[in-house]
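In: I'd like to go over a predicted model; first the sequence, then the structure.
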Amino acid sequence: MTAFPCLDIPSSNPEIAMQNSAANTLAVSLCPEEAVCYLARIYTTIVLFDPPAIVRDYQGRILIHSLGFPDEPEVAHLCQRIMGEFGFSEQSFPAYALQGLATVTEVFQYNATSFTADWEEHGYKESYYSHQVEADAKGREIWGVRLDATYFLSEPVYDVIPPMHVESNSFWFPQNTSQLESFQLALQRDVTLTR
């Protein structure tokens, strides 16, 4: 996971400061119904396996990115139902878009007891070990990324294609100029909303 080259220039120039900020901001890609549930604050903790050090040490703003809609009919129906409960459709909550922002307040490792006790925060009711088996990750460490201050952007940033091999629950930095510009646009909307 390599960040877009960031200029190490003092931040007195607002454009350069925004570019530096965007280059050092993580995004997390989620399937659409999960993105809605995190942005709507139904769940506050993203669960992942063996995160790299850059994720374990990260704190600050994070962009919520939606992946494509499922093709399998049963899963697609469930996704549409969940989206509909929040008033969204594939048109109003498009795939491959930056949909919102959150603040990472804590990244921590679960154990069997804490994973079970935290189920309302992450939504997984099965045990720590059952979750490992179900995710085909037996023996791997389970971590949580706690989010706070989540909200939807007033308008998504469209057509944000993530790096290759990104799947749901993948964290990434902008890798090219197009992604960097999209991150900047989302963060500018963040600055506007938080003033």
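Out: That came through fine.

In: regarding this structure, what is its longest strand?
Out: Scanning the chain for the longest strand, with DSSP state E as the assignment, gives strand 142-157.

In: buried stuff in it?
Out: Ile142, Trp143, Gly144, Val145, Arg146, Leu147, Thr150, Tyr151, Phe152, Leu153, Pro156, Val157 (16 or more other Cβ atoms under 10 Å). Heads up, the C-betas are built off the backbone N, CA and C, glycines and all.

In: distance of Trp143 from Tyr110?
Out: Trp143 is 7 Å from Tyr110, where distance means Cβ to Cβ, to the nearest Å.

In: overlap in contacts, the two.
Out: Common neighbours of Trp143 and Tyr110 (criterion: Cβ atoms under 8 Å, 6 or more residues apart in numbering): Val47.

In: where do the helices sit along this structure?
Out: Ranges of helices in the chain, per DSSP state H, are 14-23, 32-39, 53-56, 73-85, 112-117, 119-122, 128-134, 177-194.

In: which one of these lies nearest to Gln99?
Out: Of all these, helix 32-39 sits nearest to Gln99, with 5.5 Å by Cβ to Cβ.

In: what's next to that closest one, contact-wise?
Out: Contacts for helix 32-39 (Cβ under 8 Å, 6+ apart): 30, 43-44, 46, 64-67, 69, 78-79, 82-83, 86, 88, 90, 93, 95, 99-100, 102, 123, 147, 150-152, 168.

In: any of those residues buried? List them.
Out: Buried, going by 16+ other Cβ under 10 Å: 30, 43-44, 46, 64-67, 69, 79, 82-83, 88, 93, 95, 99-100, 102, 147, 150-152, out of these.

In: where does the protein have low pLDDT?
Out: Filtered on pLDDT under 70, the chain yields the residue ranges 1-19, 190-195.

In: burial of Ser178, as a residue count?
Out: Close neighbours of Ser178, defined as other Cβ atoms under 10 Å, add up to 12.
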